[in-house]
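Asker: Everything below, folded, please.
(4 chains)
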2 protein chains.
Amino acid sequence: MASSVSPLRPAIVRTDPKPSPPREPLWRHALGECLRGLRHERGEKLSETARRAGVSPQYLSEMERGVKEPSSEMIAAVAGALDVTLVDLTLAVAESLRSAQSSASRGATCSAVYALAA
Amino acid sequence: MASSVSPLRPAIVRTDPKPSPPREPLWRHALGECLRGLRHERGEKLSETARRAGVSPQYLSEMERGVKEPSSEMIAAVAGALDVTLVDLTLAVAESLRSAQSSASRGATCSAVYALAA
DNA sequence: GGCCGGATCCGCGCAGAGCGGAACCGTCCC
DNA sequence: GGGACGGTTCCGCTCTGCGCGGATCCGGCC
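Answerer: Now for the predicted structure:
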């Protein structure tokens, strides 16, 4: 299907340029796990948190599974719906990443880390 | 210019849905400041770090200024070029956010925070 | 004046953000 | 068995904005 010629520029290939040390999870995955953990900690459903955040449940599901790159505004919205600040959320993600790193067996979940921080 | 009718769906308005507590910086801004701080700490130029990360200097500039939402792969690539892991980067962003929050006068810069963590 | 390097501006092609409808699954009740 | 319901994920779509190359701006040096 590459019949269309005359490219004003080559196709932009959004692939991994040069990721840092392999085996490290990507930001969207780490973030998503944290968001899901926090939501479960509150005993909430996808639809509830999504409604309060002003996003679709489908999209929140995708965010949590790390299959989409949420914008900073989206991150802030969901954080607000979960009653956490970006500071606490980012810290929770970092600690979760660290735990997963120091123990190759996934370590503490995000929700547990946040509970310890609180 | 809204002459085209028959909308299969309404226009997607990518605006702030419901951000968490106002006055909190957005993720992309906090991240960008950290990346620039780390780069300066190494005494590097935009072009050097960008080349090593496999991204354009223009884009790295935009990332650092928080005007673009970099993908997780991009974040990983630049982190790798700066010799930091996602863990350390995320932690540095969190601490930077926290410092800025506890002192409304911008507090410690990201690079200083990272130096303390190292 | 010129040249150079560092950073930013500008406009662009097309990848993917974010969404609504549909589908899947598990649980409950008859 | 059947159906109804709720929770989550799949799927396809529109159109926004990612990431880039060329151009521009700025400061320093000769």
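
Asker: Tell me where chain A has helices.
Answerer: In chain A, the helices defined using DSSP state H lie at A:27-41, A:46-53, A:57-64, A:72-81, A:86-102, A:110-117.

Asker: okay, the angle between the fifth one and helix A:72-81?
Answerer: Computed with axes from the mean of the first three to the mean of the last three CA atoms, to 10 degrees, the direction of helix A:86-102 lies at 90 degrees from that of helix A:72-81.

Asker: For helix A:86-102, name the packing helices and strands.
Answerer: Other helices and strands packing on helix A:86-102, by 3 or more CB pairs under 8 Å, 6 or more residues apart in numbering or on different chains; DSSP states H and E, are helix A:27-41, helix A:72-81, helix A:110-117, helix B:27-41, helix B:86-102. For the C-beta atoms, the positions are set from N, CA and C on the backbone; glycine is no exception.

Asker: Can you list the buried residues in the first one?
Answerer: Using 16 or more other CB atoms under 10 Å in any protein chain shown as the burial criterion, the residues of helix A:27-41 that qualify are A:27-39, A:41.

Asker: ok, residue A:23 - how many residues close by?
Answerer: Other residues near residue A:23 come to 7 when the count uses other CB atoms under 10 Å in any protein chain shown.

Asker: What's the per-residue pLDDT of it here?
Answerer: Note on residue A:23: pLDDT of 72.

Asker: Identify the residues contacting residue A:91.
Answerer: For residue A:91, the contact set (CB atoms under 8 Å, 6 or more residues apart in numbering or on different chains) comprises A:117, B:91, B:94, B:95, B:98.

Asker: One more pass at 6 Å, please.
Answerer: Residue A:91 is in contact with residue B:94, counting by CB atoms under 6 Å, 6 or more residues apart in numbering or on different chains.

Asker: Quick check, pLDDT for it.
Answerer: At residue A:91, pLDDT is 96.

Asker: measure it to residue B:95 for me?
Answerer: 8 Å (CB to CB, to the nearest Å).

Asker: sorry, back to before: quick one: the helices and strands packed on helix A:86-102 as JSON lines, columns for distance to DNA strand C too.
Answerer: Below are these laid out as JSON lines (distance: least, CB to the nearest atom of the strand, whole Å):
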{"stretch": "helix A:27-41", "distance to DNA strand C": "8"}
{"stretch": "helix A:72-81", "distance to DNA strand C": "4"}
{"stretch": "helix A:110-117", "distance to DNA strand C": "20"}
{"stretch": "helix B:27-41", "distance to DNA strand C": "8"}
{"stretch": "helix B:86-102", "distance to DNA strand C": "17"}
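
Asker: Pull stretch A:95-104 out as PDB, backbone CA atoms only.
Answerer: What follows is stretch A:95-104, C-alpha atoms only, in PDB (Å, rounded to 0.1, in the frame of the first residue of the first chain):
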ATOM      1  CA  GLU A  95       9.100   4.100  45.100                       C
ATOM      2  CA  SER A  96       7.200   1.400  43.300                       C
ATOM      3  CA  LEU A  97       9.800   1.400  40.500                       C
ATOM      4  CA  ARG A  98      12.500   1.200  43.100                       C
ATOM      5  CA  SER A  99      10.900  -1.700  45.000                       C
ATOM      6  CA  ALA A 100      10.400  -3.600  41.700                       C
ATOM      7  CA  GLN A 101      14.000  -2.900  40.900                       C
ATOM      8  CA  SER A 102      15.600  -4.000  44.200                       C
ATOM      9  CA  SER A 103      13.600  -7.200  44.200                       C
ATOM     10  CA  ALA A 104      13.000  -8.900  40.800                       C
END
